[in-house]
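Participant: sequence plus the predicted model coming up.
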Amino acid sequence: FQGLGILNVANPYQPQILTHWDNCPGWPNSIAITDNNHAVLACLNGVWIINNSNLQLPYARSFLKYLNWYAYGLAINDTFVYVSMFDSLRIINIANPDTPRVIGRLRTSWSRTLFYRDNVLYHCPNSTPAGFYTIDVSNPSSPTVLGYIPFPSDAYGMFIKGNYAYIGDGGYTPPPYGEDGGFRIINVANPSNPYHVYQYIPNTEGYMKGVYVVGDTAYVCDDENGIFIFDVSNPSNPILLTIYPTRSASDIIVRGNLAFLADGYFGIRILDISNLQSIQEVGYYQRGWYAKDIKVIDNLIHVILDEGGYAIFEYYGAGLEEGPSQNNVARKLYLEVLPLPSKSAFLIKYNIINQNKVSLDILDPMGRIKRVIKNETMKVGDYQLNLDVSDLPAGVYFIRLKQERDQIVKKITIVR
């Protein structure tokens, strides 16, 4: 599987490919998503900007290629993209996606991971001088180093939250053999004076990669050793809560009670993390490519594929929000759900825009179908029906109207 694939995972148990874009000859390393429906890919042959405004017809807006421009880590802020190249950090203005321009450069070695926050770029180059850098990018044309901590960095993932940087620092070997890495925490309260507060090296060989922090919990991918989950309420003394077994964990994003895992050659894994002592896999997509970098924006999952290009998934799972899908045509659909005097009934009003198969379902907050209301071919027109939910337990549910690739979702609350 090569290029851009768009996959429908409205039912997370059985995701389906919608389409794919396969015009990226260079293997991608990382991805950033803009606010105007574009994806920026850092690839071995340069930087691609892909227009995703029409999910059925994604296309390359532009491509930057220069000698020795091996692009690795990416970060984004508004119209500026920060790219770690083979020989330097480069800042690209993408205000016009058709004509991106390099406007700033800082000589430094390459890094797989970058993180931007409040005019500061956090950077972990993996060769001399390796370590952790804070870089002032308030003037994009003239980035300057603020602070530096030397260590033999091989960082794959980084997350900044509060006063701390959490780093998946690549390969490690337990003492006394001493290949340095593992999971690091750095105090960045003063970006000009960062300092190391914690390092965790497991008792087996491994490779710490993607990191995500939500609340006081840090999720750290460690390849085939699993997802290491820490309580970081005290960043100087984290507590390892549990290890969830994986086969090739590379990167992770958390939304609500779901974790979205890029699991290497084992594809995308969707995990219910509502109980950290009993994590359950609730969905997956696997097709032989290597998933290594993942972003979740609204109801779309963007995943880098090592073989070339990236995939887009659509999902409705935990944290499901009511509203239309990303497809503009879906806005022509109409769905209204009104409570009736009985606490166990709702009035559903909806329309059909094409004479085709229609599904109307009740979903739970995990996106699982609890009841099929309609699953048939219907004529164009306006419809309404009374829905009896007396057999369902009290709680939050979603009504989903779906016709071909268009859908609308509305939230309901059942009270007893």
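Facilitator: Here it is on my side, so go on. From a predicted model like this one, the values you see are computed outputs, not experimental measurements.
Participant: CA atoms for contacts and neighbours, from now on please.
Facilitator: Fine.
Participant: what's the strand or helix carrying residue 410 packed up against?
Facilitator: Per DSSP states H and E: residue 410 is located in strand 406-414. Applying 3 or more CA pairs under 8 Å, 6 or more residues apart in numbering; DSSP states H and E, we find strand 406-414 packed against strand 323-324, strand 335-339, strand 395-403.
Participant: can you do 10 Å?
Facilitator: Judged by 3 or more CA pairs under 10 Å, 6 or more residues apart in numbering; DSSP states H and E, the packing partners of strand 406-414 are strand 323-324, strand 335-339, strand 345-352, strand 356-363, strand 395-403.
Participant: what strands line up against that strand, and which way round?
Facilitator: Take DSSP bridges as the rule and strand 406-414 pairs in its sheet with strand 323-324 (antiparallel), strand 395-403 (antiparallel).
Participant: so which bits of it are buried?
Facilitator: Buried residues in strand 406-414, counted by 16 or more other CA atoms under 10 Å: 406-412, 414.
Participant: how far off centre is it?
Facilitator: 24 Å (CA atoms, centre = their mean, to the nearest Å).
Participant: so for that strand, mean pLDDT?
Facilitator: For strand 406-414, the mean per-residue pLDDT is 81.
Participant: tell me the angle that strand makes with strand 345-352.
Facilitator: Between the axes of strand 406-414 and strand 345-352, defined by axes from the mean of the first three to the mean of the last three CA atoms, to 10 degrees, the angle is 170 degrees.
Participant: quick one: closest of the strands paired with strand 406-414 to residue 39.
Facilitator: strand 323-324 (21.3 Å; CA to CA).
Participant: quick one, which of the helices and strands packed on strand 406-414 is nearest to residue 237?
Facilitator: Closest among those, once you apply CA to CA, is strand 395-403, at 37.6 Å.
Participant: gap between that closest one and the chain center?
Facilitator: 24 Å.
Participant: repeat for stretch 71-81
Facilitator: On CA atoms, centre = their mean, the centre of stretch 71-81 falls 15 Å from that of its chain.
Participant: same thing with stretch 247-255?
Facilitator: 9 Å.
Participant: first-to-last residue distance for it?
Facilitator: End-to-end span of stretch 247-255 (CA to CA, to the nearest Å): 22 Å.
Participant: pull out the buried residues from that stretch.
Facilitator: By 16+ other CA under 10 Å, the buried positions in stretch 247-255 come out as 248-255.
Participant: residue 364 contacts residue 410, correct?
Facilitator: No. Proximity of residue 364 to residue 410 does not meet the contact threshold set by CA atoms under 10 Å, at 11.7 Å.
Participant: run through the bridge partners of residue 102.
Facilitator: residue 92.
Participant: okay, it and residue 362: tell me how far apart.
Facilitator: From residue 102 to residue 362 the distance is 49 Å (CA to CA).
Participant: who's more crowded, these two?
Facilitator: residue 362 (21 against 16; other CA atoms under 10 Å).
Participant: so what's that one bridging to?
Facilitator: Beta bridges link residue 362 to residue 371, residue 399, judged by DSSP bridges.
Participant: would you confirm that it contacts residue 398?
Facilitator: Yes. Because the distance of 5.6 Å satisfies CA under 10 Å, residue 362 is recorded as touching residue 398.
Participant: overlap in contacts, these two.
Facilitator: Both residue 362 and residue 398 are in contact with 368-370, 409-412, where contact means CA atoms under 10 Å, 6 or more residues apart in numbering.
Participant: redo those as CSV? Include distance to residue 90.
Facilitator: CSV is the format used below for the shared contacts of residue 362 and residue 398 (distance: CA to CA, whole Å):
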residue, distance to residue 90
368, 44
369, 47
370, 50
409, 42
410, 44
411, 44
412, 48
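Participant: quick one: which of the residues you listed is nearest residue 49?
Facilitator: Closest to residue 49, out of all of the shared contacts of residue 362 and residue 398 and judged by CA to CA, is residue 409, at 30.7 Å.
Participant: before we move on, the earlier item: tilt between the strand holding residue 410 and strand 356-363?
Facilitator: Using the same axes, to 10 degrees: strand 406-414 against strand 356-363 is 30 degrees.
Participant: which residue ranges form the strands in the stretch 51-200 of the chain?
Facilitator: 59-64, 74-77, 80-84, 88-93, 101-107, 114-117, 120-123, 131-136, 144-150, 157-161, 164-168, 170-172, 183-187, 195-200 (DSSP state E, counting those that start in this stretch).
Participant: output those as TSV; include the columns mean pLDDT and distance to residue 385.
Facilitator: TSV is the format used below for those (pLDDT from 0 to 100; distance: least, CA to CA, whole Å):
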stretch	mean pLDDT	distance to residue 385
strand 59-64	88	42
strand 74-77	94	47
strand 80-84	95	50
strand 88-93	94	52
strand 101-107	94	56
strand 114-117	96	49
strand 120-123	97	54
strand 131-136	96	59
strand 144-150	95	63
strand 157-161	96	48
strand 164-168	97	52
strand 170-172	74	56
strand 183-187	96	55
strand 195-200	94	58
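Participant: out of those strands, nearest to residue 212?
Facilitator: The closest of the strands of the stretch 51-200 of the chain to residue 212 is strand 157-161. By CA to CA, the value is 6.0 Å.
Participant: so the closest one versus strand 183-187, what angle?
Facilitator: On the basis of the same axes, to 10 degrees, strand 157-161 is oriented at 30 degrees to strand 183-187.
Participant: what are the buried residues along strand 157-161?
Facilitator: Neighbour-count burial for strand 157-161, counted by 16+ other CA under 10 Å, picks out 157-160.
Participant: try stretch 347-362
Facilitator: So stretch 347-362, judged by 16+ other CA under 10 Å, has buried residues 348, 350-353, 358-362.
Participant: after the helix or strand harbouring residue 253, which helix or strand is next? Please name it.
Facilitator: Assigned by DSSP H and E, residue 253 belongs to strand 251-255. Proceeding N to C from strand 251-255, the next assigned helix or strand is strand 258-262, under DSSP H and E.
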